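Asks: no FASTA, just this:
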């Protein structure tokens, strides 16, 4: 029986990328079905409402082109919306521009809309993609986005609006983050990001760990920039 794989998006926020860079992370609960007790970046699965969210500014064009992965894949804007919504839900941080919504927000977006912002994916950079290997309790096709925390519309140290999904939310220096109890793929992504800093522009190509029932492949998406 083929396991269901859900589309997902994750945000890697970097603070002070040219100085002493740190990343925003939290710890999943020890009773969580997926990756219990692990330290992770904010992220989660695509919700239906994510496809119907107005954007203040569009996603970077090169990143959008690389996110297109077949007729059944979510639209690039949908994946970017998921990343922004999950960041808001799990940390209380807003990646958006001050603007009022002209229509009722879709399911899952009322809280974000209540902050008086429209989501703005323009700072996001698509830097990694990975599919959870077979045999796990849940499987995700996760797209990882990188962004400078300077683009946040909120106080980066204020987590008062966060849900309780992630505990111990903190800006962790990258060197110290490597010592945490990380999922394998989180450690790989962290190493990729650390090797590129202070650069936050789209990479020459996007690493893709594709795990399916037959084999695990390490691919590159998008090739060189035009």
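Replies: Looks like it arrived, so ask away. This structure is a prediction, so every number in the text was calculated from the model and none was measured.

Asks: point to the helix or strand of the chain where mean pLDDT is at its lowest.
Replies: Least confident helix or strand of the chain, by mean pLDDT, DSSP states H and E, is strand 216-221 with a mean of 69.

Asks: hey, what's the nearest residue to residue 54 once chain neighbours are set aside bridged with?
Replies: Nearest residue to residue 54 in three dimensions, chain neighbours excluded: residue 118, at 5.8 Å (Cβ to Cβ, 6 or more residues apart in numbering). Glycine gets a C-beta too; all of them are placed from N, C-alpha and C. Counting by DSSP bridges, residue 118 is bridged to residue 97.

Asks: quick check: residue 118 vs residue 99, distance?
Replies: Separation of residue 118 from residue 99 (Cβ to Cβ, to the nearest Å): 4 Å.

Asks: same check, this time on residue 48
Replies: With Cβ to Cβ as the criterion, residue 48 and residue 99 are 23 Å apart.

Asks: cool, residue 20 as well?
Replies: 33 Å.

Asks: between the two, point out the one with more neighbours.
Replies: Ranked by neighbour count (other Cβ atoms under 10 Å), residue 20 and residue 99 place residue 99 first, with 14 against 10.

Asks: which residues touch the more buried one?
Replies: With contact set as Cβ atoms under 8 Å, 6 or more residues apart in numbering, residue 99 has these partners: 56, 116-118.

Asks: per-residue pLDDT, it?
Replies: With respect to pLDDT, residue 99 scores 93.

Asks: what do you get for residue 204?
Replies: Reported pLDDT for residue 204: 90.

Asks: which SS class is it?
Replies: coil (DSSP: H, G, I helix; E, B strand; the rest coil).

Asks: now do the phi/psi pair for it.
Replies: phi -60, psi -40 (degrees, to the nearest 10).

Asks: likewise residue 190?
Replies: phi -60, psi -40.

Asks: which residue packs closest to it, ignoring adjacent ones?
Replies: Here the residue nearest residue 190, using Cβ to Cβ, 6+ apart, is residue 177, at 6.0 Å.

Asks: what sits against the one you found?
Replies: 22-23, 25, 39, 190.

Asks: same deal with residue 109?
Replies: Counted by Cβ under 8 Å, 6+ apart, residue 109 has contacts 49, 53, 85.

Asks: separation between it and residue 55?
Replies: As judged by Cβ to Cβ, residue 109 and residue 55 stand 12 Å apart.

Asks: output the contacts of residue 177 in a markdown table, with distance to residue 103 and neighbour count appended to each entry.
Replies: Converted to a markdown table, those look like this (distance: Cβ to Cβ, whole Å; neighbours: other Cβ atoms under 10 Å):
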| residue | distance to residue 103 | neighbour count |
| --- | --- | --- |
| 22 | 37 | 21 |
| 23 | 35 | 24 |
| 25 | 34 | 24 |
| 39 | 37 | 22 |
| 190 | 38 | 21 |
